[in-house]
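output the structure for:
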Amino acid sequence: MDETDKRLVSVLRHDARASLSDLAGMLGLTRATVRSRLAKLQERGDILGFSVVMKEDHLTDPVRGLMMIAIEGRGTDRILRHLSGMPEVRRVHSTNGRWDVIVEIGTETLERFDQILFQVRRLDGVTASETSLLLSTRKAS
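Here you go, the predicted model:
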């Protein structure tokens, strides 16, 4: 991706519904150039699709947080399977450094959030954890 493609993607992240004319005007390009670049980005798989983020999407999880987890021994696969089966666990990320796994959790209440943390900490092989509540989202992709 060159700089023009990056600028195009940046504008689309802000407003994926922008018309070709609007995109062309914002980027100083012709409509044909914008259309061609969009087609190439999609063909190459750089752009997989366009989506709408609705207010309700954020309201479904009023309490959100990240839980960093350290795992001992060879229990990682078993713990990952367990985490993936928990409906409150939105995403599971492997990572490097101090923490083996970072888990995104979303619940309706702080009480339920606390229950989930307690369940995860009790899993055999979890040696340590640290949790941060997400207070606000400043930028969403």
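
kindly state the pLDDT recorded for residue 98?
Looking at residue 98, its pLDDT stands at 93.

if you could redo that for residue 133, that was the one I meant.
At residue 133, pLDDT is 96.

give me the number of residues near the nearest residue to it once chain neighbours are set aside?
Nearest non-adjacent residue to residue 133, counting by Cβ to Cβ, 6 or more residues apart in numbering: residue 65, 4.5 Å away. Every residue, glycine included, has its C-beta placed from N, CA and C. Counted with other Cβ atoms under 10 Å, the neighbours of residue 65 add up to 19.

residue 65 reaches residue 130, doesn't it?
No - if you go by Cβ atoms under 8 Å, residue 65 and residue 130 don't touch, sitting 10.5 Å apart.

remind me which residues of the protein are low pLDDT?
The chain contains residues with pLDDT under 70 at 53-59, 141.

and the residue in the chain sticking out farthest from the centre, what are its phi and psi?
In the chain, counting by Cα atoms, centre = their mean, residue 30 sits farthest out from the average C-alpha position, at 32.7 Å. Torsion angles at residue 30 (phi, psi; degrees, to the nearest 10) stand at phi -80, psi 160.

and it, what does it touch?
By Cβ atoms under 8 Å, 6 or more residues apart in numbering, residue 30 lies in contact with residue 24.

and it, how far is that from residue 67?
For residue 30, the distance to residue 67 equals 48 Å [Cβ to Cβ, to the nearest Å].

ends of stretch 22-37, how far apart?
15 Å (Cα to Cα, to the nearest Å).

please name the bridge partners of the nearest residue to residue 61 once chain neighbours are set aside.
Excluding the flanking residues, the one nearest residue 61 by Cβ to Cβ, 6+ apart is residue 106, at 3.0 Å. Judged by DSSP bridges, the bridge partners of residue 106 are residue 64.
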